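Colleague: model this:
(chains A and B)
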Amino acid sequence: MKKAFSKVYLLLVFLFLYVPIVIMMALSFNASKSRAVWAGFSTKWYEELWRSASIMDAVKNTFTIALISSAAATVLGVLACIGIMAMSRRGKTVTMAVNNIPLLNADIVTGLSLMLTYVFFGISLGYGTIVFAHITFNVPYVILSVMPRLKNSSRSTYEAAMDLGASPVRAFFAVVMPEIMPGIVSGFLLSFSMSIDDFIITYFTKGAGVNTISTMIYTQVRRGIVPSMYALSTILFVLVMVLLLITNFAPAAKSRDDSKKGK
Amino acid sequence: MSDRRSTRRRLLAGPYIVWMVLFTLVPLAMIFVYGFTAPQGGLTMANILAVGQKENLKALLLSLKLSLLCTVICLLLAYPLAMILRSNTKSSASLIVFIFILPMWMNFLLRTLAWQILLENNGVINTVLTFFGLPKAKMINTEGAIVLGMVYNYLPFMVLPLYNVLTKIDDSIFEAARDLGANSFWTFVRVTVPLSVPGIISGITMVFVPALTTFVISDLLGGGKILLIGNVIEQKFTTTYNWNVGSGLSIVLMIFVIGSMAVLQIFDKDGEGTAL
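Modeller: The predicted structure is shown next:
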């Protein structure tokens, strides 16, 4: 009885989460531009996608902004973690408190405050201002992922490496880096995905003529969405699903195989 | 020697500290500068007090109402879900968690827009209703539609911390409670819930703050007729260009965000106290 209830409950939540997504995907194959009429199956929105320079521009912007900002955030964040670890207790508390501001603050306030600053200092809004904004909200995610790893990494191996004649930099790359690598990777991926999905902060810090996928959809909402956007999102969704499936479940399957072989 | 080394290591945080000053602290200060000055210059409280104006106050109260409602619904939906996930085997639970994270990879705006298509007067749900000979329901551009959109977007933020906290509780604790004579109801109330307080707190924070401050969901599902405080602030910056009042209202919004966190912090301390 209890088991049946939990199955039904999971199914209902599953439907709640996926019905809208299925609708989006279905519309990407609709021959008509209207959302209310099903005019038959067509892949024309997918073909149009490649031909639309403005959509391709938005895709390029979205991914380059995410890549640049998360790479920069990873470097800044990892350096900051090492520095913070060497700080006094008070310095640590203050730095971490400021680091948490973009995480806890409302996105609309973060975006507006950056826009006010750019305008006040006469920095013209454009591609660069979006990148700076994204770095700002990405570093805290890197620090949150790397800091626990760094705290748990053993100091003694690092010191042993230096006793054996390695310079501090070499000791870091040879000994500490491999230990904190999973944290660095997850920090990078987390900030990359945050950057891709961001709308609000990009909306306030972007200049005219620069669009990401999100801001493009938002401007289209009033005029009517071009179904190519559904097609684009369907492609991205399937791509991510495949990637996540491979990374999440391939290692598990492999280790299961290995343990079977071991027996 | 080691002192010098730690000084040098501390310098590695330098670039980020400069970054935080330029891109976090200065911008925050700018909000306060604009919020406490008049457009012509001179200090004023008028921008903060603007929250008392009828339409602004209405938007703020509505935001509070809808975001609280969304938080309560998310908690009620997520708790049984996290319990079910906990009772599953590890591999099937990780598959289900994966299923929960995956929708977040559909663009946030399109996900919300999909609900517009479902709820519209000639939308999918109403088409199904008329097919079965039922009367059409007015769903789009209502407060309910906005709450639905909020729950849809923020439910994973409630499920994940709850699930993380619940899986960390050792099974033997539940067995001990049962051995000591507690039935499943009292085990839940006196053991499970208190032990999951940290997860509840972080779930509430992660749902309440974005729901309170959103302007996108209300824009897409409220049809521009139902204004939340986020919409009011957004319009002050993008349509009416009254940046000073917009900043003043942002400060009020920040006060509510910080206030809600302070309240939650009190509960968190209590929770840890009883857990010990």
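Colleague: quick one: the helices in the stretch 101-250 of chain B?
Modeller: Remark: helices assigned in the stretch 101-250 of chain B by DSSP state H, counting those that start in this stretch are B:108-119, B:124-131, B:143-168, B:171-179, B:184-187, B:193-195, B:197-213, B:216-221, B:229-238, B:243-275.
Colleague: mind putting those into TSV with distance to A:Thr95?
Modeller: C-betas here are computed from N, CA, C, even on glycine. Converted to TSV, the helices of the stretch 101-250 of chain B look like this (distance: least, C-beta to C-beta, whole Å):
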stretch	distance to A:Thr95
helix B:108-119	30
helix B:124-131	50
helix B:143-168	24
helix B:171-179	37
helix B:184-187	42
helix B:193-195	31
helix B:197-213	21
helix B:216-221	32
helix B:229-238	29
helix B:243-275	19
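Colleague: nearest to A:Ser88, out of the ones you listed?
Modeller: A:Ser88 lies closest, by C-beta to C-beta, to one member of the helices of the stretch 101-250 of chain B: helix B:243-275, at 24.4 Å.
Colleague: give me the element A:Leu144 is part of.
Modeller: Following DSSP states H and E, the helix or strand that holds A:Leu144 is helix A:127-152.
Colleague: for that helix, name the packing helices and strands.
Modeller: helix A:53-85, helix A:89-104, helix A:107-120, helix A:177-197, helix A:200-205, helix B:14-20 (3 or more C-beta pairs under 8 Å, 6 or more residues apart in numbering or on different chains; DSSP states H and E).
Colleague: quick one: it to helix A:107-120, angle?
Modeller: 130 degrees (axes from the mean of the first three to the mean of the last three C-alpha atoms, to 10 degrees).
Colleague: hmm, back to that, let's have the helices and strands packed on helix A:127-152 in CSV, adding mean neighbour count, mean pLDDT and distance to B:Ile255.
Modeller: Below are the helices and strands packed on helix A:127-152 laid out as CSV (neighbours: other C-beta atoms under 10 Å in any protein chain shown; pLDDT from 0 to 100; distance: least, C-beta to C-beta, whole Å):
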stretch, mean neighbour count, mean pLDDT, distance to B:Ile255
helix A:53-85, 20, 94, 29
helix A:89-104, 15, 91, 13
helix A:107-120, 24, 95, 11
helix A:177-197, 19, 91, 26
helix A:200-205, 24, 95, 20
helix B:14-20, 17, 94, 22
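Colleague: now tabulate those helices in a markdown table and tack on distance to A:Phe237.
Modeller: Below are the helices and strands packed on helix A:127-152 laid out as a markdown table (distance: least, C-beta to C-beta, whole Å):
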| stretch | distance to A:Phe237 |
| --- | --- |
| helix A:53-85 | 14 |
| helix A:89-104 | 26 |
| helix A:107-120 | 23 |
| helix A:177-197 | 12 |
| helix A:200-205 | 20 |
| helix B:14-20 | 33 |
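Colleague: apart from its chain neighbours, what residue comes closest to the residue sitting nearest the centre point of chain B?
Modeller: In chain B, the residue lying closest to the centroid (C-alpha atoms, centre = their mean) is B:Val207, at 2.2 Å. Nearest non-adjacent residue to B:Val207, counting by C-beta to C-beta, 6 or more residues apart in numbering or on different chains: B:Tyr154, 4.4 Å away.
Colleague: residues touching that neighbour, list them.
Modeller: Contacts were defined as C-beta atoms under 8 Å, 6 or more residues apart in numbering or on different chains; by that measure B:Tyr154 touches B:Cys70, B:Cys74, B:Met206, B:Val207, B:Pro210, B:Ala211.
Colleague: tell me which of the residues you listed is nearest to A:Val19?
Modeller: Checking those one by one against A:Val19 (C-beta to C-beta), the nearest turns out to be B:Cys74, at 18.2 Å.
Colleague: OK, contacts around the closest one?
Modeller: B:Val151, B:Tyr154, B:Leu155, B:Phe157, B:Met158, B:Gly203, B:Val207.
Colleague: can we see that at 10 Å?
Modeller: Applying C-beta atoms under 10 Å, 6 or more residues apart in numbering or on different chains to B:Cys74 gives the contacts B:150-159, B:162, B:203-204, B:206-208, B:211.
Colleague: what residues does A:Met24 make contact with?
Modeller: A:Met24 touches A:227, A:229-231, A:233-234, A:237, B:106-107, B:110-111, B:113-114, B:117, counting by C-beta under 10 Å, 6+ apart.
Colleague: pull out the buried residues from those residues.
Modeller: Among the contacts of A:Met24, the ones that count as buried by 16 or more other C-beta atoms under 10 Å in any protein chain shown are A:227, A:229-231, A:233-234, A:237, B:106-107, B:110-111, B:113-114, B:117.
Colleague: tell me how many other residues crowd the closest residue to B:Lys138 other than its chain neighbours.
Modeller: Nearest non-adjacent residue to B:Lys138, counting by C-beta to C-beta, 6+ apart: B:Asn121, 7.0 Å away. Applying other C-beta atoms under 10 Å in any protein chain shown, we find 12 residues neighbouring B:Asn121.
Colleague: B:Asn121 and B:Ile233: what is the separation?
Modeller: Distance, B:Asn121 to B:Ile233, by C-beta to C-beta, to the nearest Å: 30 Å.
Colleague: do you know which of the helices and strands packed on helix A:127-152 lies nearest B:Ala82?
Modeller: When these are compared (using C-beta to C-beta), the closest one is helix A:177-197, at 21.3 Å.
Colleague: what angle separates that closest one from helix A:127-152?
Modeller: 150 degrees.
Colleague: check which helices and strands helix A:177-197 is in contact with.
Modeller: Counting by 3 or more C-beta pairs under 10 Å, 6 or more residues apart in numbering or on different chains; DSSP states H and E, the packing neighbours recorded for helix A:177-197 are helix A:53-85, helix A:127-152, helix A:200-205, helix A:213-223, helix A:228-262.
Colleague: redo that, cut-off 8 Å
Modeller: helix A:53-85, helix A:127-152.
Colleague: what helices or strands is the first one leaning on?
Modeller: Contact partners of helix A:53-85 among helices and strands, from 3+ C-beta pairs under 8 Å, 6+ apart: helix A:89-104, helix A:127-152, helix A:177-197, helix A:213-223, helix A:228-262, helix B:2-11, helix B:14-20.
Colleague: specify the angle between the second one and helix A:89-104 in degrees.
Modeller: Orientation note: helix A:127-152 sits at an angle of 130 degrees relative to helix A:89-104 (the same axes, to 10 degrees).
Colleague: output the lowest mean pLDDT helix or strand found in chain B.
Modeller: In chain B, the helix or strand scored least confidently by mean pLDDT, DSSP states H and E is helix B:2-11, which has a mean of 74.
Colleague: switch the helices of the stretch 101-250 of chain B over to a markdown table; also include mean pLDDT.
Modeller: Formatted as a markdown table, the helices of the stretch 101-250 of chain B follow (pLDDT from 0 to 100):
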| stretch | mean pLDDT |
| --- | --- |
| helix B:108-119 | 89 |
| helix B:124-131 | 85 |
| helix B:143-168 | 92 |
| helix B:171-179 | 85 |
| helix B:184-187 | 83 |
| helix B:193-195 | 87 |
| helix B:197-213 | 92 |
| helix B:216-221 | 93 |
| helix B:229-238 | 93 |
| helix B:243-275 | 81 |
